[in-house]
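> Requesting a structural model of the entry that follows:
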Amino acid sequence: MSVDGAAAPSLHIHDASLTLGGRPLFSGLELAVPAGRFTALLGPSGVGKTSLLRLVAGLLTPEGESPVTVGDGQPVAGRIAWMGQQDLLLPWASALDNVMLGLRLRGQQHDDPAKARALALLEQVGLADRVSARPAALSGGQRQRVALARTLFEDRPIVLMDEPFSALDAVTRLRLGDMASRLLAGRTVMMVTHDPMEALRLADQVLVMSGSPACLTPPILPPGPAPRPPDGEALLRLQGALLTELAAGAPP
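Here you go, the predicted model:
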């Protein structure tokens with residue numbers, strides 16, 4: 001279930017400024033997110049990555065006019081799916097009902113076409129045999145797969161992800177990253193991560209956020225189509241350079 005690249009718009013953040021708790025996180029920040037492409041955002045903890053993502057999502061409101069515009073000129077509201085660090089599954093609901101949670105929150109019907117689409121997504125993420133299972137009966141990786149299916153079920157052209165796989169073991173994280181890369185193809189994606197290799201494997205462009213107030217580096221463009229193998233020589237060189245850059249920009 002992919003989105004036509006023409007339907008997934010570009011995002012533009014112009015002259016963005018945000019102060020939280022009296023501390024300026026960023027000021028005059030500029031960012032271009034290409035249409036239908038995957039952008040990863042790296043940086044030290046507390047630099048403002050999640051705040052920038054929440055700003056794009058409309059969950060944080062800066063003073064004055066929003067700095068976020070969409071390439072096709074249409075409003076951003078109603079066109080974003082969010083996947084956070086925690087899966088936030090309802091403990092009393094089945095995997096299937098959790099995938100369709102957005103319908104319930106909007107007061108919409110769980111009709112047969114919607115159920116068929118949710119079942120198809122659960123099959124795509126490898127959970128066709130767990131549709132009736134509640135979260136307590138699922139592993140951490142399975143719960144994140146349900147969360148990924150729920151994100152895709154919303155069928156939005158823009159997907160924002162805040163460290164969605166950070167709580168998983170390395171192998172599960174690798175597999176889910178590959179799965180997300182394939183299933184999100186054609187959508188405009190922004191993902192915050194602390195893992196340089198994850199960013200390089202999955203993203204079309206990688207940006208580092210550092211400083212106080214924070215600014216963004218020019219984009220790094222990993223070679224070849226995603227998801228990329230983690231043992232590629234070019235990726236390993238880029239990982240080393242990224243780690244060096246992150247260490248230089250991290251507070252003591």
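> Tell me where the longest helix sits in the chain.
The residue-count maximum for a helix in the chain (DSSP state H) belongs to helix 233-249.
> quick one: low-confidence ranges for the protein?
Counting by pLDDT under 70, the chain shows low-confidence ranges at 1-6, 62-64, 249-252.
> returning to what we had before: show residues contacting the longest helix of the chain.
Helix 233-249 has contacts (CB atoms under 8 Å, 6 or more residues apart in numbering) with 42-44, 196-197, 199-201, 206, 208, 210-211, 217, 220, 222-224, 228-229. No exception for glycine: its C-beta is placed from N, CA and C like everyone else's.
> Narrow these to those in helices?
Judged by DSSP H, helices contain the following of those: 196-197, 199-201.
> which pair in the residues you listed spans the largest distance?
Longest distance between any two of these is 9.6 Å, between Pro196 and Arg201; criterion CB to CB.
> Backbone dihedrals for Ala137, please?
When read as degrees, to the nearest 10, the backbone of Ala137 gives phi -90, psi 0.
> Can you report how many residues lie near it?
Number of residues near Ala137 (other CB atoms under 10 Å) recorded here: 12.
> Kindly report the same for Thr217.
Around Thr217 there are 16 residues (other CB under 10 Å).
> how deep is Gln108 tucked in, by neighbour count?
Counted with other CB under 10 Å, Gln108 comes out at 11.
> same deal with Leu31?
Neighbours of Leu31 under the rule other CB under 10 Å: 21.
> what's the nearest residue to it if we skip its chain neighbours?
Spatially, and ignoring its direct neighbours in sequence, Leu31 is nearest to Ile13 (4.1 Å; CB to CB, 6 or more residues apart in numbering).
> tell me the SS of the one you found?
Put simply, Ile13 is strand when judged by DSSP: H, G, I helix; E, B strand; the rest coil.
> How much space separates it from Met100?
Noted for Ile13: a distance of 32 Å to Met100, by CB to CB, to the nearest Å.
> and these two? which has more neighbours close in?
Neighbours were counted for Ile13 and for Met100 using other CB under 10 Å; Met100 has more, 22 against 19.
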